[in-house]
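*Asks:* Mind looking at a prediction? Sequence and model below.
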Amino acid sequence: MKKSFIDSNLIIYANDCRDPEKQDKALALIKKLMISGTGVISSQVMQEYSNVALNKLDQSHEVVLRQLSLLESFEIVSISPAMVRRVIEIKVAYRISFWDASIISAAEYAACDVIYSEDLNSGQFYSGIKLQNPFIFEP
């Protein structure tokens, strides 16, 4: 079974009505991965969503708690000390931010085939995992 890692920016767009086009695409992808049981997130993704939802989207804590409960239906990767060491290796190898490398490390740990994110280079492989930006068309 192919697994797909969902970056926090997709979760955030799914909860942000300021960009209806991105919201619709994010919601459709999240729903598809939820129904198929192939979606993966990390505890970092849950934290990033919560912080943005509470502080920038001005969502109530009740709404955020409800969303977190829904997100728990995905496979969730908890960051381990070994994964943090791997983050540093990925950061150095690809010359990317620590937080982007952390997403790749979590996806690698979960044996994902693709990472859905608008960060980094769409179509590029990172540690053998294809990064795909769901907001742009790729032939």
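*Replies:* Arrived safely. Residues are numbered from 1 along each chain as shown.
*Asks:* Please count neighbours and contacts with C-alpha atoms only from this point.
*Replies:* Will do.
*Asks:* Could you point out the longest helix of this protein?
*Replies:* When the chain is parsed with DSSP state H, its longest helix is helix 20-36.
*Asks:* how about that one as CSV, C-alpha atoms only?
*Replies:* Below are the C-alpha coordinates for helix 20-36, written out as CSV (Å, rounded to 0.1, in the frame of the first residue of the first chain):
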residue,chain,number,x,y,z
PRO,A,20,-11.2,28.9,-1.4
GLU,A,21,-9.3,27.3,-4.3
LYS,A,22,-6.5,26.0,-2.1
GLN,A,23,-9.0,25.1,0.6
ASP,A,24,-11.0,22.9,-1.8
LYS,A,25,-7.9,21.2,-3.1
ALA,A,26,-6.5,20.5,0.4
LEU,A,27,-9.9,19.2,1.7
ALA,A,28,-10.3,16.9,-1.3
LEU,A,29,-6.8,15.4,-0.9
ILE,A,30,-7.1,15.0,2.9
LYS,A,31,-10.5,13.4,2.5
LYS,A,32,-9.2,11.0,-0.2
LEU,A,33,-6.2,10.0,2.0
MET,A,34,-8.5,9.7,5.1
ILE,A,35,-10.9,7.4,3.3
SER,A,36,-8.2,5.3,1.7
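*Asks:* which residues are in contact with that helix?
*Replies:* 4, 6, 10-11, 13-17, 39, 73-74, 134-135 (CA atoms under 8 Å, 6 or more residues apart in numbering).
*Asks:* what does stretch 120-137 give?
*Replies:* So stretch 120-137 is contacted by 22, 25-26, 90, 94, 100, 104, 107-108, 112-119, 138 (CA under 8 Å, 6+ apart).
*Asks:* how far away is Y49 from E72?
*Replies:* Per CA to CA, to the nearest Å, Y49 is found 13 Å from E72.
*Asks:* next one: R66
*Replies:* On the measure of CA to CA, R66 and E72 end up 10 Å apart.
*Asks:* Kindly report the same for Y109.
*Replies:* 18 Å.
*Asks:* How about L120?
*Replies:* Distance from L120 to E72, by CA to CA: 26 Å.
*Asks:* Equivalent analysis for Y13, please.
*Replies:* In terms of CA to CA, Y13 sits 18 Å off from E72.
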